[in-house]
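Engineer: Predicted structure and sequence below. I'll ask about it afterward.
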Amino acid sequence: MKYSNWFRNMLPLLLILGLLLTACDTQEDQTKVGDAGNEITGEVSSPVRGGSINIAVQDDPKVMNPLYATDRITLTVNQSLYAPLFYMENGKKVYALAERAYASKDYKTYFIKLREGLTWHDGKAITADDIVFTVNQIIDETQNSPFRSQYVYDGQPAKVVKIDELTVKFVLPKATPSFEGALLYLYPIPKHIYQGEKDIAHSSKNDHPIGSGPFKYKEYAPGEHLTLERFEDYYDGAAYLDTISYQIMDPDTADQALREGAVQMSLINNEEYEALSESGEYNLVTYADGRLEYMVFNMNTPEMKKKEVREAIAYALDKEEMIRISHLSSRFADPASSIFTPDTLYHTSEVRTYDYDPEKSKELLEQADVSNLEIRLAYVKSSKTQMNQALYIQQKLKKVGIKVELKPMEASVYEKRKLDQNNTDFELSLAGYILGPDPVSYESLYKSSGVYNESHAENEDLDTLWERASVEVDSAARQKLYVQIQQKIAKELQVLPLAYTKSVIAVSKGYGGLEDAIAQPIVLFRDLSKIYFIK
């Protein structure tokens with residue numbers, strides 16, 4: 001099977017993060033709604049320069065190098081140490097290190113032009129040589145970057161060529177309209193630091209990283225804290241804060257530290273929201289985290305092969321009620337309809353839905369000639385949200401005559417069983433993912449032979465649509481294909497989308513600039529340089 005290049009690139013990052021998030025629970029006085037739709041309670045203004053902030057994180061970064069960042073903490077830290085070429089905001093490209101990024105009409109050649117005057121944290125100039133070097137290290141098989149496949153097509157690597165001191169050209173083996181999605185996640189590293197390193201992943205130079213982000217390395221005490229200081233020559237202006245310090249602690253300790261003021265920023269669970277809000281001591285930033293929670297129908301089992309049974313289960317569930325129960329409030333998630341999250345390109349809500357209708361559910365079971373149905377529902381036992389969802393599903397299906405046995409499992413065992421192509425251990429399972437803005441990233445979860453096809457459904461027509469969409473260069477035609485894909489999956493019902501979730505970051509009231517910093521999935525805020533201390 002030939003997978004889309006961009007998706008294969010993002011598997012190490014997006015799939016790992018999606019699976020990690022499956023096992024995690026995320027998380028008003030005056031409420032301000034930012035451009036990205038984030039809700040920020042009680043933020044105050046008046047930026048000044050100086051001060052610091054302590055941010056709670058649950059682990060050490062694995063490596064302070066963006067070529068190997070595949071977990072939440074490492075990505076969060078690297079977001080401050082390194083800058084991207086560009087990023088997406090409200091569906092639009094916003095330039096960072098790059099001044100311009102564009103493709104040829106045939107989508108076989110891409111160009112990146114850097115801004116003038118960019119420097120690394122050590123004062124050396126950032127040039128096209130750094131971009132060429134970074135990409136070549138990713139492509140180099142001996143360097144073992146998990147992102148290598150984004151530049152390799154059917155065994156042929158892309159060529160990256162320096163045009164001038166600030167311009168780079170990428171020549172692809174074939175037309176690839178989604179390649180810009182790969183460049184979106186390219187964070188350059190300095191050639192003058194890493195040139196000649198035979199094993200960059202384990203290089204001692206990662207211990208004192210030289211990046212291009214808003215903050216530069218200051219000190220690191222493993223298991224305790226990582227402290228960064230302001231980079232005066234950051235492309236978007238020097239940060240307000242003098243330092244930021246990532247405090248490494250378990251969730252319970254982080255909760256206590258937040259209440260005591262030892263840390264001033266932390267991702268919180270939904271259970272903490274009301275108490276922190278009522279205290280009046282925190283800005284609470286609620287934002288869509290680009291994540292879908294969904295239920296999978298295992299087509300390896302005879303019960304789930306019957307479409308009427310799948311539909312009966314869907315009609316027996318009230319998604320809004322499930323959200324209120326599993327997330328404690330409707331403010332923390334929205335009912336989902338499409339497999340694409342709303343931040344995904346070409347997302348549509350114009351798909352078949354299964355509104356709560358228990359009588360229709362019973363009728364469908366009769367049509368399927370099914371009675372006294374007994375099925376098993378698997379989920380990650382450490383996830384409070386999934387446990388609540390499972391209990392709710394068990395209760396609602398009992399009312400329409402379906403007995404559900406709950407199967408809580410360890411996360412690692414659970415993921416292995418779901419992806420086993422011959423799995424018949426359970427009929428239903430709960431899952432979640434964050435897959436980014438390009439719809440190509442969904443391909444291997446829903447194609448017949450995809451390694452992440454948890455439903456084990458097979459549909460040649462759907463496979464053809466995925467293949468056509470991944471290489472279609474006309475935007476309007478590509479959109480039509482991806483809309484058809486969403487509609488077809490909703491109709492076939494191999495999975496049931498449940499909720500588009502939201503996360504909450506608590507920040508002590510002594511800080512402003514949260515709206516400009518832009519809350520972002522995984523990494524808390526896109527740019528901590530915008531946050532300031534209020535004296």
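Structural biologist: Cool, the structure landed. Residues are numbered from 1 along each chain as shown.

Engineer: Secondary structure element holding Pro302?
Structural biologist: Per DSSP states H and E, Pro302 falls between elements, in no helix or strand.

Engineer: Please identify the buried residues of the longest helix that the chain contains?
Structural biologist: Determined from DSSP state H, the single longest helix within the chain is helix 475-492. For helix 475-492, burial by neighbour count (16 or more other Cβ atoms under 10 Å) applies to 478-479, 481-486, 488-490, 492. In short, each C-beta sits where N, CA and C put it, glycine included.

Engineer: from the middle of its chain, how far away would it be?
Structural biologist: 22 Å (Cα atoms, centre = their mean, to the nearest Å).

Engineer: what inclination does the helix or strand containing Tyr294 have with respect to helix 475-492?
Structural biologist: Tyr294 is part of strand 282-297 when elements are defined by DSSP H and E. Angle, strand 282-297 to helix 475-492, by axes from the mean of the first three to the mean of the last three Cα atoms, to 10 degrees: 70 degrees.

Engineer: Show me what strand 282-297 packs onto, helices and strands only.
Structural biologist: Judged by 3 or more Cβ pairs under 8 Å, 6 or more residues apart in numbering; DSSP states H and E, strand 282-297 is in contact with strand 39-41, helix 273-279, helix 384-399, strand 428-434, strand 495-508, strand 519-520.

Engineer: angle of it against helix 384-399?
Structural biologist: Using the same axes, to 10 degrees: strand 282-297 against helix 384-399 is 50 degrees.

Engineer: Could you give the average pLDDT over strand 282-297?
Structural biologist: Mean per-residue pLDDT for strand 282-297: 96.

Engineer: and it with strand 495-508, angle?
Structural biologist: 160 degrees.

Engineer: partner strands of strand 282-297, parallel or antiparallel?
Structural biologist: For strand 282-297, the paired strands and their directions (DSSP bridges) are strand 39-41 (antiparallel), strand 428-434 (antiparallel), strand 495-508 (antiparallel).

Engineer: In TSV, list those strands along with mean neighbour count.
Structural biologist: Below are the strands paired with strand 282-297 laid out as TSV (neighbours: other Cβ atoms under 10 Å):
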stretch	mean neighbour count
strand 39-41	21
strand 428-434	24
strand 495-508	24
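
Engineer: Which among those is found nearest to Tyr246?
Structural biologist: Taking Cβ to Cβ, strand 495-508 is the member of those nearest to Tyr246, at 14.0 Å.

Engineer: Quick check: which of the strands paired with strand 282-297 is nearest to Ala239?
Structural biologist: Closest to Ala239 of these is strand 495-508 (Cβ to Cβ; 15.6 Å).

Engineer: Figure out how far the closest one is from the centre of its chain.
Structural biologist: The answer for strand 495-508 is 11 Å, by Cα atoms, centre = their mean.

Engineer: again, but for stretch 192-208
Structural biologist: Its chain's average C-alpha position is 27 Å from that of stretch 192-208, according to Cα atoms, centre = their mean.

Engineer: Ends of it, what's the gap?
Structural biologist: End-to-end distance for stretch 192-208: 14 Å, by Cα to Cα, to the nearest Å.

Engineer: Outside of it itself, list whatever touches it.
Structural biologist: 63-65, 67-68, 120, 122, 124, 133, 137, 142-145, 189, 210, 217, 220 (Cβ atoms under 8 Å, 6 or more residues apart in numbering).

Engineer: Please indicate which of these are buried?
Structural biologist: Among the contacts of stretch 192-208, the ones that count as buried by 16+ other Cβ under 10 Å are 63-65, 67-68, 120, 133, 137, 143, 145, 189, 210, 217, 220.

Engineer: Redo the residues you listed as JSON lines? Include pLDDT, secondary structure and distance to Val404.
Structural biologist: What follows is the buried ones among the contacts of stretch 192-208, written out as JSON lines (pLDDT from 0 to 100; DSSP: H, G, I helix; E, B strand; the rest coil; distance: Cβ to Cβ, whole Å):
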{"residue": "Val63", "pLDDT": "96", "secondary structure": "coil", "distance to Val404": "43"}
{"residue": "Met64", "pLDDT": "97", "secondary structure": "coil", "distance to Val404": "45"}
{"residue": "Asn65", "pLDDT": "97", "secondary structure": "coil", "distance to Val404": "46"}
{"residue": "Leu67", "pLDDT": "97", "secondary structure": "helix", "distance to Val404": "45"}
{"residue": "Tyr68", "pLDDT": "95", "secondary structure": "helix", "distance to Val404": "41"}
{"residue": "Trp120", "pLDDT": "98", "secondary structure": "coil", "distance to Val404": "56"}
{"residue": "Phe133", "pLDDT": "98", "secondary structure": "helix", "distance to Val404": "55"}
{"residue": "Gln137", "pLDDT": "98", "secondary structure": "helix", "distance to Val404": "50"}
{"residue": "Gln143", "pLDDT": "97", "secondary structure": "helix", "distance to Val404": "48"}
{"residue": "Ser145", "pLDDT": "94", "secondary structure": "coil", "distance to Val404": "43"}
{"residue": "Ile189", "pLDDT": "98", "secondary structure": "coil", "distance to Val404": "50"}
{"residue": "Ile210", "pLDDT": "98", "secondary structure": "coil", "distance to Val404": "54"}
{"residue": "Tyr217", "pLDDT": "98", "secondary structure": "strand", "distance to Val404": "51"}
{"residue": "Tyr220", "pLDDT": "97", "secondary structure": "strand", "distance to Val404": "48"}
